[in-house]
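Enquirer: Using only what follows, build the 3D model:
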Amino acid sequence: MPIHDYAVRGTQRSIRRLTTSNPASIPVATAMRGVGKRVSDTIAVTIAVCVLAGAIACGKDSGSRPPSTPPVAGKISATTTAPVANSDSTASHSGLPSGYTAVFDHSEGSPPSVTYTEKETGRWEVTTGPAHILFARRDTAVNKYIVSATFEQLQAPPQAEGFGVFVGGINLNTPKARYAYFLVRGDGKYAVKVRDGANTRTLTDWTAQPTIPKQDAAGKGLYGIRIEVKAKAATVSVNGAPITTISGKGIPLNGITGVRINHDLHLIVTPVSVIR
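Expert: Purely as a prediction, here's the structure:
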């Protein structure tokens, strides 16, 4: 670059001398101006090419970086949460995911018989223990939304037990707790129920569904549950296959969402993700 720049300045000085000392040298001066312009143009093109090459290189470098990982809904850290008053068992438990509340069915078990272990960010290993729900109040959704969670059964329970997703949760820490929930089991069956205070109403009793996988010989199975709510109906799918539609009078669909895990289960659970 310094050599080219010097050549241009030298040429421009020569042009000034030619145009002032001898009128007959005007054609020569004009020619020299052309040379200077071509040199300047060459430098400009060279700079532009370099800049363009740099931009392309930057683009390639940016493309080579892995995309940033979106935040996982319900990231946890295994810490002790403060006790929360509720109509069933207390939700205080060492290892309970931070920011989450657990409500256990009635008084059939104590929180220490349920363990939560953070396997990695956003994935819990859960061993029960009593049946319970687990939720964070930030996962509240109404009218139109999609909620999903993943459950990996690690071993077969003594008898088939359900796990799944609930929606429409209200008054969850009171005797008037209310929510609708969809459960699957390792035997390939599903059920839909509504919890209304101390009562449970069955909408669909345990029903075999060919598209719901059965646990393998080791008692393992993987279940991705997705519930899409629109207005007054909820469409449920498991591992991408449609299963059922929940609708009808008096079914709670607007409120807190979360997971429900029944008795004597050993699972890896990914917390609910809500798309509003």
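
Enquirer: Tell me which residues of stretch 235-249 come out buried.
Expert: Within stretch 235-249, the residues that count as buried by 16 or more other CB atoms under 10 Å are Thr235, Val236, Ser237, Val238, Ile243, Thr244, Ile246. Glycine gets a C-beta too; all of them are placed from N, C-alpha and C.

Enquirer: typo on my end, stretch 221-238
Expert: Applying 16+ other CB under 10 Å to stretch 221-238 flags Gly221, Tyr223, Ile225, Arg226, Ile227, Glu228, Val229, Ala234, Thr235, Val236, Ser237, Val238 as buried.

Enquirer: How about stretch 136-149?
Expert: If you call a residue buried by 16+ other CB under 10 Å, then stretch 136-149 has these buried ones: Ala136, Asp139, Thr140, Ala141, Tyr145, Ile146, Val147, Ser148, Ala149.

Enquirer: Could you single out the nearest of those residues to Ala177?
Expert: Thr140 (14.8 Å; CB to CB).

Enquirer: From what I see, the closest one and Ile256 are in contact.
Expert: Yes: with contact defined as CB atoms under 8 Å, Thr140 reaches Ile256; the gap is 5.1 Å.

Enquirer: circling back: out of the buried residues of stretch 221-238, which two sit at the greatest distance?
Expert: Longest span within these, CB to CB: Gly221 and Val229, 25.5 Å.

Enquirer: Mind jotting down where the strands sit in this structure?
Expert: 101-104, 115-120, 123-127, 132-141, 144-153, 163-170, 178-184, 189-196, 199-208, 221-230, 233-238, 241-247, 255-261, 266-275 (DSSP state E).

Enquirer: List the neighbouring strands of the fifth one plus their orientation.
Expert: Put plainly, it is strand 144-153. In the sheet, strand 144-153 lines up against strand 221-230 (antiparallel), strand 266-275 (antiparallel) (DSSP bridges).

Enquirer: could you dump the ones you listed to CSV with mean pLDDT and distance to His106?
Expert: Below are those laid out as CSV (pLDDT from 0 to 100; distance: least, CB to CB, whole Å):
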stretch, mean pLDDT, distance to His106
strand 221-230, 98, 25
strand 266-275, 96, 21
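
Enquirer: nearest to Phe163, of these?
Expert: strand 266-275 (6.3 Å).

Enquirer: what angle do the closest one and strand 255-261 make?
Expert: 160 degrees (axes from the mean of the first three to the mean of the last three CA atoms, to 10 degrees).

Enquirer: Put the alpha carbons of strand 266-275 into PDB.
Expert: C-alpha atoms of strand 266-275 as PDB (Å, rounded to 0.1, in the frame of the first residue of the first chain):
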ATOM      1  CA  HIS A 266     -38.400 -43.800  38.800                       C
ATOM      2  CA  LEU A 267     -38.200 -41.300  36.000                       C
ATOM      3  CA  ILE A 268     -36.100 -38.700  34.200                       C
ATOM      4  CA  VAL A 269     -38.400 -35.700  33.700                       C
ATOM      5  CA  THR A 270     -37.900 -32.600  31.600                       C
ATOM      6  CA  PRO A 271     -40.100 -29.800  33.000                       C
ATOM      7  CA  VAL A 272     -43.000 -28.300  31.200                       C
ATOM      8  CA  SER A 273     -42.300 -25.800  28.400                       C
ATOM      9  CA  VAL A 274     -45.100 -23.400  27.600                       C
ATOM     10  CA  ILE A 275     -45.600 -21.700  24.200                       C
END
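
Enquirer: any residues touching that strand, and which ones?
Expert: Where contact means CB atoms under 8 Å, 6 or more residues apart in numbering, the residues beyond strand 266-275 that reach it are 72-74, 76, 97, 100, 119, 122-127, 134-136, 139, 141, 145-155, 157, 163, 165, 257-259, 261.

Enquirer: Could you tell me the per-residue confidence at Ala82?
Expert: Confidence at Ala82, expressed as pLDDT, is 34.

Enquirer: Same question for Cys58.
Expert: Value for Cys58, per-residue pLDDT: 39.

Enquirer: mind showing which ranges of this protein have poor pLDDT?
Expert: The chain contains residues with pLDDT under 70 at 1-94, 107-112.

Enquirer: and with 80 instead?
Expert: By pLDDT under 80, the low-scoring segments of the chain are 1-96, 106-113.

Enquirer: Can you name the residues that contact Val259?
Expert: Ile133, Leu134, Phe135, Ala149, Phe151, Phe163, Gly164, Val165, Phe166, Val269, Pro271, Val272.
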